[in-house]
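Engineer: My questions concern the predicted model and sequence given below.
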Amino acid sequence: MFPSHLARSVSALLMRWCPVAGLPSVPLSLPLPNSSPACAPGCADTVWIVPLSEHSWYDHVRLKRVFVTDGTRHQVVLVDLRKLLQCADRDNTDYVLKPVAEWHAGKVRGIREFLDPESPRVPQMPYVTISTRRAPGLLGWIGIEREGVVAFRNGQHRARYLADAGARWCPVEVHEREAILLREICGATDDARTAIRATSAGGENDV
């Protein structure tokens, strides 16, 4: 059982117990440990700053949300890029890109210019979906062990370029029904919260 399943079970018990005990009801949803502080719907002016440790052209990139309309059912999740791309390599839809070292020079230059933080246009963060399937081997065959499979709806080139440029973590957007699974399989460590800043596009203050 995943930890989140246990948490949901405990929440359900509390919802039933509190009214009987005469206590206020607990909220239906609690803050998730790996969610960005600026992942609420409508944060159209929020920009995530992602540091790059192995890139000679610039040392960070800026990313913004894909879905910014009121009532969006998508969330921003900070992911471990290595784990995310491992899951993406399992995608069987024939849309798995080669390593950056094998891209032609024009493609590399285009992505580098597209992500340049000096550009007035802020690129959107990757948008993904995630599911699970049986893992290879005996445990997978008997249904005990499963592995994550990520499919990019948008932003696979930028995600692989960022990883190649030394980014350890990255914000990605995912539908709310898949956010918990994405955190469980690809979620970033607590270090990502201090390394990646979410700021207002109009100022320097963290949000």
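Structural biologist: Perfect, I can see it now.

Engineer: The protein: strands as residue ranges?
Structural biologist: All strands of the chain, identified by DSSP state E, fall at 46-51, 60-63, 74-80, 127-134, 146-154, 169-175, 197-200.

Engineer: Name the residues that touch the first one?
Structural biologist: Strand 46-51 is touched from outside by 36, 38, 59-65, 76, 122, 125, 162, 167, 169-171, 195-201, 207, with contacts defined as C-beta atoms under 8 Å, 6 or more residues apart in numbering. C-beta here means a position set from N, CA and C on the backbone, and glycine is covered the same way.

Engineer: Quick check on these: which are buried?
Structural biologist: 36, 38, 60-65, 76, 122, 125, 162, 167, 169-171, 195-199 (16 or more other C-beta atoms under 10 Å).

Engineer: just to revisit the earlier point, which among the strands of the chain is found nearest to residue 185?
Structural biologist: Among these, strand 146-154 comes nearest to residue 185, with 3.8 Å by C-beta to C-beta.

Engineer: Could you export the closest one as PDB, keeping only the C-alpha atoms?
Structural biologist: Taking C-alpha atoms only, strand 146-154 is exported to PDB below (Å, rounded to 0.1, in the frame of the first residue of the first chain):
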ATOM      1  CA  ARG A 146       4.500  -2.100 -10.600                       C
ATOM      2  CA  GLU A 147       6.500   0.600 -12.400                       C
ATOM      3  CA  GLY A 148       5.600   4.100 -13.500                       C
ATOM      4  CA  VAL A 149       5.200   5.100 -17.100                       C
ATOM      5  CA  VAL A 150       5.300   8.800 -18.000                       C
ATOM      6  CA  ALA A 151       4.000  10.300 -21.300                       C
ATOM      7  CA  PHE A 152       4.800  13.800 -22.300                       C
ATOM      8  CA  ARG A 153       1.900  15.800 -23.600                       C
ATOM      9  CA  ASN A 154       4.200  18.800 -24.100                       C
END
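
Engineer: tell me the mean pLDDT over stretch 147-157?
Structural biologist: Regarding stretch 147-157, the rounded mean pLDDT is 94.

Engineer: swap in stretch 90-108?
Structural biologist: Across stretch 90-108, the average pLDDT comes to 91.

Engineer: again, but for stretch 120-139
Structural biologist: 88.

Engineer: Number the chain from 305, please
Structural biologist: All right, first residue 305 from here; so that's stretch 424-443.

Engineer: That one: how far from the chain's middle?
Structural biologist: The chain centre lies 8 Å from the centre of stretch 424-443; the measure is C-alpha atoms, centre = their mean, to the nearest Å.

Engineer: re earlier: got the strands of the chain as TSV, with distance to residue 492 columns?
Structural biologist: Listed next are the strands of the chain as TSV, based on distance: least, C-beta to C-beta, whole Å:
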stretch	distance to residue 492
strand 350-355	11
strand 364-367	14
strand 378-384	4
strand 431-438	14
strand 450-458	14
strand 473-479	4
strand 501-504	13
